[in-house]
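1. heads up, no residue letters with this:
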DNA sequence: GCGAATCGGACCATTTTAGTCTTAAAATGA
DNA sequence: TCATTTTAAGACTAAAATGGTCCGATTCGC
């Protein structure tokens, strides 16, 4: 009962994309650096987002990804389901409506309700909302200018960077 | 983002237990047969429920499990968290309050909200509620008398039994 | 005290996650 | 046209979680 890394990275990558002017094509390399995501992984995740119609891709030099619609029209639900598949707490809801347990099972009702609540939360939140909440003050850039953020790259993961970042005057967000 | 089999079986096993008079000690064997759960697996699950104080165990011949409180005082949240660990969609909430992402992350807020909704649903539902919703008419016993339910046992799992069970007059639940 | 019955916990197989790597295809610009 | 740059697709892998089994320590009834 957790969001996967793929889902997490997907949202984060899209937030980075949503920070740019609409229509601007950005390489996956750039997005990865900004949000400290392993490069090849985000590439694969964005493939799914392309299939789902959330982003558009263009190949070749000068290529990259851009949002297929305005960030206000993309919901968190759409993103997460594109990456992780449909949200379904209960297994049997995925394929057939009847529960596999004997005589109709109380769990179905409970889990369906919980699942609907989650979907409500995700559906009412747009990518624009998320992008706005995420670092409203350009603190990332400040921190990066002060070399407080060692970037993660493939193979060589910087760890325990939080303290460094959050120490000092940047702390009072 | 799914409930685990362990969580599912835990709830189901407790429902079976809650059907009996309070204080009655029941062997896992019996509970397993009633809800078609692999025997040794439910044993392990009930270990966790014992540690969490949801059931009490007694060993030796004549031993088994009984609810430690009335079913109305046990919530689904308690059961599921006892079996699966705390419900935490977001990883970083589990250990530390600060998000690992740079400069405070929009995901934290979103996932925390979703998580709170799930907990609300689970917290407001008691085991007694579930037991009441689960087969109010004793349909299981009817079905079993008519040999419509091949019981699952260790090693030899009966599959695709649903059609057989739901066909015929039992269908209109 | 003995033996049967039961939980408790170590153990194991399979699936999922979280990535990486390689090859192919497409677009650009020289 | 050709080299370069970028995504697309998918095979591959290590590690963790899941789902489940099995045996031994413990306890009870006699």
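-> Yes, it's here. All values derive from a computational prediction rather than experimental measurement.

2. what's the neighbour count on residue A:21?
-> 6 (other CB atoms under 10 Å in any protein chain shown). Any C-beta I mention is one placed from the backbone N, CA and C, and that applies to glycine too.

3. would you map the strands across chain A?
-> A:55-58, A:64-67 (DSSP state E).

4. so residue A:6 touches residue A:42, yeah?
-> No. Residue A:6 lies out of contact with residue A:42 (CB atoms under 8 Å); the separation is 9.3 Å.

5. in chain A, which spans are helices?
-> Using DSSP state H, the helices of chain A run over A:5-18, A:28-35, A:39-51, A:76-84, A:92-95, A:106-123, A:127-133, A:139-145, A:162-166.

6. nearest to residue B:35, out of these?
-> helix A:106-123 (10.7 Å; CB to CB).

7. the closest one near chain B anywhere?
-> Yes. Counting by CB under 8 Å from any CB of the partner chain, chain B has neighbours in helix A:106-123: A:106, A:107, A:109, A:110, A:111, A:113, A:114, A:117, A:118, A:120, A:121, A:122.

8. how close does the closest residue to DNA strand D within chain A sit to residue B:56?
-> Residue nearest to DNA strand D within chain A (CB to the nearest atom of the strand): residue A:57, separated by 3.0 Å. Residue A:57 sits 59 Å away from residue B:56, taking CB to CB, to the nearest Å as the criterion.

9. how about residue A:91?
-> Taken as CB to CB, the span from residue A:91 to residue B:56 is 30 Å.

10. swap in residue A:78?
-> For residue A:78 relative to residue B:56 (CB to CB), the value is 47 Å.

11. re the thing from before, tell me which of residue A:6 and residue A:42 has more neighbours.
-> Comparing residue A:6 with residue A:42 by other CB under 10 Å, the one with more neighbours is residue A:42, at 23 against 16.

12. state the pLDDT value of the more buried one.
-> Model confidence at residue A:42, expressed as pLDDT, equals 97.

13. got it, and residue A:22?
-> 85.

14. and if you look at residue A:69?
-> 95.

15. enumerate every residue touching it.
-> residue A:54 (CB atoms under 8 Å, 6 or more residues apart in numbering or on different chains).

16. got the residues of chain A near DNA strand D?
-> A:27-29, A:40, A:43-44, A:46-47, A:50-51, A:57-65 (CB under 7 Å from any atom of the strand).

17. that older thread, ok, residue A:78 and residue B:56, which is more surrounded?
-> Neighbours per residue, other CB under 10 Å: of residue A:78 and residue B:56, the larger number sits with residue A:78, 18 against 15.
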